[in-house]
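S.K.: Build me a structure from this.
(chains A, B and C)
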Amino acid sequence: MFCAEMKKNPLICLYFDRLFTHYGKQFWWPCKSGQNWEIITGAILTQNTAWTNVEKALNNLEEAGMNTAEKILYCPEEKLQELIAPAGFFRQKSIYLKIMADFYLTRDAFYKKSSDMNSLRKELLSLKGVGRETADSILLYAYNKPIFIIDAYTRRFASRHLGLDEKMPYDDMQKIFMDNLQKRTEIFNEYHALIVQLCKESCMKKGCNKLCGKLFQE
DNA sequence: AGCCAGGACTGAG
DNA sequence: CTCAGTCATGGC
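M.R.: Below you'll find the model as predicted:
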């Protein structure tokens, strides 16, 4: 009971409201085709990579007609690497995309109907190239499952404005956010997108430690 | 020029 | 489990 009270962090809800009021709806995940496979592809390509570079790679795939899991699976390795090169780490990511394509072709139909978020998460995490953040991005934005994503931006936000340890284990920080919010896909979707938007502001960049102005005053 | 970007894997200790 | 090294491109 005592611990349950201590876990309450009213700032998490408060700051969501302020961010949403300030920035408005973000319409995530950015996806030109509206296809789930494009979202999944983007989730892998954006690993430690600027989104502008991911867009170049996604455009290359689209223009080459390599915009389905089948096409990726049978695309020559060398050609695939060439198409996704702008997103960086193209040798490993080409392998990860093929592994993901195989998963998608064999398991997507089942999980589209299943409500078992935990087993989907475990299966995603078993794939080479899929860590917790990528798995949760796919769960939330491709499968509309109610899960909160922890990324570098979220850690920075949590550290500067919520008083949390930036290096805290992934699952621990995820639990804190989820315990303090309504467990709704729309909330988790919007909150993550808003944090990313916030972190594009100059005062949230890596080298700058001064707090942003009015949004986070008590 | 150098730092950073919507991470994950591997091997060492 | 924690940590450094590795992977690669493009913008600022």
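
S.K.: Phi, psi for the residue in chain A that DNA strand C sits nearest to please.
M.R.: Relative to DNA strand C, the nearest point of chain A is A:G88 (2.4 Å; CB to the nearest atom of the strand). No exception for glycine: its C-beta is placed from N, CA and C like everyone else's. Phi and psi for A:G88, reported as degrees, to the nearest 10, are phi 70, psi 170.

S.K.: Can you get me a residue count around it?
M.R.: Using other CB atoms under 10 Å, A:G88 has 16 neighbouring residues.

S.K.: and it, what does it touch?
M.R.: Listed by CB atoms under 8 Å, 6 or more residues apart in numbering, the contact set of A:G88 reads A:48-49, A:53.

S.K.: taking those one by one, which sit in helices?
M.R.: A:N53 (DSSP state H).

S.K.: Mind putting the contacts of A:G88 into CSV with pLDDT, neighbour count and distance to A:Q92?
M.R.: Converted to CSV, these look like this (pLDDT from 0 to 100; neighbours: other CB atoms under 10 Å; distance: CB to CB, whole Å):
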residue, pLDDT, neighbour count, distance to A:Q92
A:N48, 98, 7, 11
A:T49, 98, 16, 12
A:N53, 98, 16, 15
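
S.K.: Intersect the contacts of A:G88 with the contacts of DNA strand C.
M.R.: Restricting those to those near DNA strand C by CB under 7 Å from any atom of the strand leaves A:48-49, A:53.

S.K.: before we move on, back to that, could you save the contacts of A:G88 as TSV and add columns showing distance to DNA strand B?
M.R.: Below are the contacts of A:G88 laid out as TSV (distance: CB to the nearest atom of the strand, whole Å):
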residue	distance to DNA strand B
A:N48	4
A:T49	5
A:N53	7
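
S.K.: Going by distance to A:Y153, which of the contacts of A:G88 wins?
M.R.: In terms of CB to CB, no member of these lies closer to A:Y153 than A:N48, at 12.4 Å.

S.K.: Could you measure from that closest one over to A:K98?
M.R.: A:N48 sits 20 Å away from A:K98 when distances are taken as CB to CB, to the nearest Å.

S.K.: just A:F89 next, same as before
M.R.: For A:F89, the distance to A:K98 - CB to CB - is 14 Å.

S.K.: Tell me which helix or strand in chain A has the weakest average pLDDT.
M.R.: The helix or strand of chain A with the poorest confidence is helix A:2-6; it has a mean of 50 (mean pLDDT, DSSP states H and E).

S.K.: so who does the residue nearest the centre of chain A touch?
M.R.: Nearest to the mean C-alpha position of chain A, counting by CA atoms, centre = their mean, stands A:S137 at 3.5 Å. Residues near A:S137 by CB under 8 Å, 6+ apart: A:29, A:43, A:149.
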